[in-house]
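>>> I'll drop the sequence and a predicted model, then ask my questions.
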Protein chains: 6
Amino acid sequence: MEKRETVEVVRTELILRSDTNHYGTIFGGKTLAMMDMTGALAAMRFSNENVVTASFESIDFKKPIREGDIVEVVARVIYTSKSSLVVKTDVYKYQNQQFHSEKEFTCGGFATFVAVDMDGKTHPIPQLKVETDDEKKLWKVGEKIKNNAMERAKS
Amino acid sequence: MEKRETVEVVRTELILRSDTNHYGTIFGGKTLAMMDMTGALAAMRFSNENVVTASFESIDFKKPIREGDIVEVVARVIYTSKSSLVVKTDVYKYQNQQFHSEKEFTCGGFATFVAVDMDGKTHPIPQLKVETDDEKKLWKVGEKIKNNAMERAKS
Amino acid sequence: MEKRETVEVVRTELILRSDTNHYGTIFGGKTLAMMDMTGALAAMRFSNENVVTASFESIDFKKPIREGDIVEVVARVIYTSKSSLVVKTDVYKYQNQQFHSEKEFTCGGFATFVAVDMDGKTHPIPQLKVETDDEKKLWKVGEKIKNNAMERAKS
Amino acid sequence: MEKRETVEVVRTELILRSDTNHYGTIFGGKTLAMMDMTGALAAMRFSNENVVTASFESIDFKKPIREGDIVEVVARVIYTSKSSLVVKTDVYKYQNQQFHSEKEFTCGGFATFVAVDMDGKTHPIPQLKVETDDEKKLWKVGEKIKNNAMERAKS
Amino acid sequence: MEKRETVEVVRTELILRSDTNHYGTIFGGKTLAMMDMTGALAAMRFSNENVVTASFESIDFKKPIREGDIVEVVARVIYTSKSSLVVKTDVYKYQNQQFHSEKEFTCGGFATFVAVDMDGKTHPIPQLKVETDDEKKLWKVGEKIKNNAMERAKS
Amino acid sequence: MEKRETVEVVRTELILRSDTNHYGTIFGGKTLAMMDMTGALAAMRFSNENVVTASFESIDFKKPIREGDIVEVVARVIYTSKSSLVVKTDVYKYQNQQFHSEKEFTCGGFATFVAVDMDGKTHPIPQLKVETDDEKKLWKVGEKIKNNAMERAKS
């Protein structure tokens, strides 16, 4: 299989009333759904295959997101095995709801996707090219995520 | 602080068209949103406080969920620290979309919630009573989830 | 046909912004949709068949439900005829939006469902076992609901 | 109080995928929500006040509504008392999903609304002018709906 | 082809929280979606065919629409060619959120729809009867809309 | 006022079941809502102000978008006046629902946004830097869009 450069998908979202609870802060589930969708798009763009979510790991919510916030969801493929991909997905928000302010990290974690065909069977995918130090470091993180999932599957 | 029996919240859901992609299988994000909401309800019922999602960990999707499936989301408080709670959340579906068939496990994992007051400050919560062997075993699992999150916070 | 114990389905819901109007109170239609869905799940669980809504009767809204309220929708099969079921559906809310406060009755009424097969034809269902005084009293209520609907059908 | 002519509100709706279950037929709850919204608009237009839903009665679903159907929801004020209004709400669909085909009755029933001010207190409303035979007949139907609700309130 | 009287479709909508941003004013996209849906219903009712949106032109937003506003969307067929229809679509709101107040114009413009069959091929439609001065004036406006679209298509 | 480089916002979207009609093609209103949201984000990012939609012009739908399609919405600020911005917004889709296939143009047009403060009053904005031939050509297009809107406002 050919080796491919990683892909990164960025989605900008305006947080709406219907995304938030009566305290005006976002539902955890809404953030998770944005991370899943952006991660899946990165996995699809990298593999050129349809994918399903296999696991979600180490998702930490660091700062609250509120109605009116502008957030950026950044998803990047960091690891591949035969038919699965680990995607690092981070969520940033612009301070004071202004685009020209600094971005701050609000939430991040890792999702694993599996490429499947029409019948839901796993499908081999192209492998990730890993060259720079940064890419190698992220590959190790992804490998650990994958190994953790495999260990949980055994028990 | 008083010690309290655990609470378990069960939600039955019928999976709708708008919950699924064009292959007829549920969006990962929809499952995560159901797990977050049910987990939050369990944390609120146990603590009698408002809570926010702090982390999501070791979420494994084992079987596909499809349009028309009837699923049960089961959330149980398994660990408490000063103001946070670890909730085990599992998703089952009835085979062949029939209520009298056997339930099968489709997805499960752990969410941590933090009790907060109106200004978003953390708030102390009642502690979990742990007596049976099963409760002790789950407490250890929850403790590990909590420790993992604290280690990630340091790095 | 075998006689079966009744089933009761309980769904806990957190009332969201998007469920309420600009006065902060729930749309009647949202409450009705929760009652219909929970009632249908009770009818499906009892009959193990797919069901459609046939009628809705004597739905009284007694207390307002607001954004942030935690409500419990309780649906119980109280009467069966050849292929239809009457389900009593009540909606409670926790006072002051706190799970440990008392529950109060907010809304209740009766829905009739009909079991149908894939082509939309009615399908016979198991009959309800009625033994206790409470069950007998509810059966009479359900019978009256059914008779009212049949009379309306004639006119 | 001044006496006013009745008002009728008509809403045309195209039934969408997200309104229907996996058999392609509309959720009962969706139909009820359309009836509640159209009924509330009729009550608001008649009374020029904000209203809340007080009860729903004798709702009969006669024909299935499917994805792609064009339906007309027709709501008409038929009875008024000091601060409440009874609204007859009927749902029609165009056969074969074509606007020039005949309309057929699919579902109908009665909703009672109460006019309230900002604090949720009931508010007096203008009374309905009743002159033709048709208006008198409908007034009697509305009166019975109102009396039934009052009897249920006592028990 | 037979000539037909124009049709006008009116839809009354209550603007909900989930339709508005965190300033309480409606999303432009929500207004456009209401205009597209009402316009499509007018085009379908006139032609008795399924239609798709071909273009949207000269949509001007004149007054803000807010949560709680009652709006009327009025769509009228003003021009027809072989298989397309130009629909004038205007949005009014009742002042002070009261039905008995004056209506004011908030937004208006023109949409062009094309009649298509099941395979997405264009389909001939009945032609519009144009007799009064008002109808002739609107026809000219529609003709210009159509010509503008054709010029854009060439370039 | 300082002159600024243009900004371009790109949003990738997976078209879902609930975005499409029963023929499986997207609602015009859904496409318009995506264009409005992406255009507003570009206008906000450029001006660092809150904006409202003022007009939509020359929106042409060239190719159908279907369930499962992956689309890219590209919004670019092309013209500024004292407090308004013209944004060119184009929608592309990947052929055969595959990310590595060619992108094709499906729909495009122009939106005008106005910067407003909290009270809804217009607010001056930074002006667009126009240097390359491409930028000058687009500026002329934007200027014409603006002039057309002003002419319509007079009549």
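Good, I have the coordinates.

>>> show me where chain A has its helices.
With DSSP state H as the criterion, chain A has helices at A:28-47, A:133-154.

>>> how far off centre is stretch A:92-104?
20 Å (C-alpha atoms, centre = their mean, to the nearest Å).

>>> out of the helices of chain A, the one nearest chain C is which?
helix A:28-47 (10.7 Å; C-beta to the nearest C-beta). Quick note: C-beta positions are derived from backbone N, CA and C, even for glycine.

>>> the closest one and chain E in contact?
No: Helix A:28-47 lies out of reach of chain E by C-beta under 8 Å from any C-beta of the partner chain, never closer than 13.0 Å.

>>> tell me the angle that helix makes with helix B:28-47.
Here helix A:28-47 points in a direction 150 degrees away from that of helix B:28-47 (axes from the mean of the first three to the mean of the last three C-alpha atoms, to 10 degrees).

>>> I'd like to know which elements helix A:28-47 is packed against.
Packing partners of helix A:28-47 (3 or more C-beta pairs under 8 Å, 6 or more residues apart in numbering or on different chains; DSSP states H and E): strand A:8-14, strand A:51-61, strand A:70-80, strand A:84-94, strand A:103-115, helix B:28-47, strand B:51-61, strand F:8-14.

>>> hmm, what's the outermost residue in chain A?
Among residues of chain A, the one most distant from the C-alpha centroid is residue A:22; the distance is 27.3 Å, by C-alpha atoms, centre = their mean.

>>> ok, that residue - contacts?
Residue A:22 sits next to C:16, C:17, C:67, C:68 when contact means C-beta atoms under 8 Å, 6 or more residues apart in numbering or on different chains.

>>> if we can go back for a sec, redo the helices and strands packed on helix A:28-47 as JSON lines? Include distance to residue D:151, mean neighbour count and mean pLDDT.
Shown next, in JSON lines, are the helices and strands packed on helix A:28-47 (distance: least, C-beta to C-beta, whole Å; neighbours: other C-beta atoms under 10 Å in any protein chain shown; pLDDT from 0 to 100):
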{"stretch": "strand A:8-14", "distance to residue D:151": "51", "mean neighbour count": "19", "mean pLDDT": "92"}
{"stretch": "strand A:51-61", "distance to residue D:151": "52", "mean neighbour count": "23", "mean pLDDT": "95"}
{"stretch": "strand A:70-80", "distance to residue D:151": "54", "mean neighbour count": "22", "mean pLDDT": "96"}
{"stretch": "strand A:84-94", "distance to residue D:151": "56", "mean neighbour count": "24", "mean pLDDT": "97"}
{"stretch": "strand A:103-115", "distance to residue D:151": "55", "mean neighbour count": "22", "mean pLDDT": "96"}
{"stretch": "helix B:28-47", "distance to residue D:151": "37", "mean neighbour count": "25", "mean pLDDT": "95"}
{"stretch": "strand B:51-61", "distance to residue D:151": "43", "mean neighbour count": "23", "mean pLDDT": "95"}
{"stretch": "strand F:8-14", "distance to residue D:151": "53", "mean neighbour count": "19", "mean pLDDT": "92"}
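
>>> make a markdown table out of the ones you listed and add distance to residue A:140.
A markdown table is the format used below for the helices and strands packed on helix A:28-47 (distance: least, C-beta to C-beta, whole Å):
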| stretch | distance to residue A:140 |
| --- | --- |
| strand A:8-14 | 19 |
| strand A:51-61 | 14 |
| strand A:70-80 | 9 |
| strand A:84-94 | 11 |
| strand A:103-115 | 13 |
| helix B:28-47 | 25 |
| strand B:51-61 | 19 |
| strand F:8-14 | 28 |
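
>>> for residue C:127, find the nearest of the ones you listed.
Evaluated over these, closeness to residue C:127 peaks at helix B:28-47, with 33.3 Å, by C-beta to C-beta.

>>> report the distance from that closest one to the chain centre.
For helix B:28-47, the separation from the chain centroid amounts to 5 Å (computed by C-alpha atoms, centre = their mean).

>>> from residue A:112, how far out is the most centrally placed residue in chain A?
For chain A, residue A:89 is the residue whose C-alpha lies nearest the centre (C-alpha atoms, centre = their mean; 3.0 Å). Distance, residue A:89 to residue A:112, by C-beta to C-beta, to the nearest Å: 11 Å.

>>> quick check: residue A:41 touching residue F:14?
Yes: taking C-beta atoms under 8 Å as the definition, residue A:41 is a contact partner of residue F:14 at 6.7 Å.

>>> anything in contact with each of the two?
Contacts common to residue A:41 and residue F:14, judged by C-beta under 8 Å, 6+ apart, are residue F:70.

>>> separation between the closest residue to residue A:103 other than its chain neighbours and residue E:24?
Using C-beta to C-beta, 6 or more residues apart in numbering or on different chains and skipping the chain neighbours, the partner closest in space to residue A:103 is residue A:92 (4.3 Å). Residue A:92 is 26 Å from residue E:24, where distance means C-beta to C-beta.

>>> go on, residue A:141?
Residue A:141 is 43 Å from residue E:24, where distance means C-beta to C-beta.

>>> on that earlier part again, now for the helices of chain A, which one comes closest to residue B:63?
Using C-beta to C-beta, these put helix A:133-154 closest to residue B:63, at 12.9 Å.

>>> what's the closest one packed up against?
Counting contacts by 3+ C-beta pairs under 8 Å, 6+ apart, helix A:133-154 is packed against strand A:51-61, strand A:70-80, strand A:84-94, strand A:103-115, strand B:51-61.

>>> what would those strands look like in TSV with distance to residue F:37?
Formatted as TSV, the helices and strands packed on helix A:133-154 follow (distance: least, C-beta to C-beta, whole Å):
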stretch	distance to residue F:37
strand A:51-61	25
strand A:70-80	11
strand A:84-94	16
strand A:103-115	20
strand B:51-61	26
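
>>> can you say which of these is nearest to residue F:119?
The nearest among the helices and strands packed on helix A:133-154, by C-beta to C-beta, is strand A:70-80 at 21.3 Å.

>>> does the closest one reach chain B?
No: interface with chain B: strand A:70-80 contributes nothing (C-beta under 8 Å from any C-beta), its closest point being 11.5 Å away.

>>> how about chain A: which residue is closest to chain D?
residue A:18 (14.8 Å).

>>> per-residue pLDDT, that residue?
On pLDDT, residue A:18 comes in at 86.

>>> next, count neighbours for it.
As a burial measure, residue A:18 scores 17 neighbours (other C-beta atoms under 10 Å in any protein chain shown).

>>> now for it: which residues touch it?
Here residue A:18 is in contact with C:16, C:17, C:18, E:17, E:18 (C-beta under 8 Å, 6+ apart).

>>> now for the residue lying closest to residue A:64 once chain neighbours are set aside: which residues touch it?
Spatially, and ignoring its direct neighbours in sequence, residue A:64 is nearest to residue A:25 (4.8 Å; C-beta to C-beta, 6+ apart). By C-beta under 8 Å, 6+ apart, residue A:25 lies in contact with A:64, A:65, A:66, B:52, B:120.

>>> out of those residues, which are buried?
A:64, A:65, A:66, B:52 (16 or more other C-beta atoms under 10 Å in any protein chain shown).

>>> which among those gets closest to chain E?
For the buried ones among the contacts of residue A:25, the nearest to chain E is residue A:66 (8.6 Å; C-beta to the nearest C-beta).
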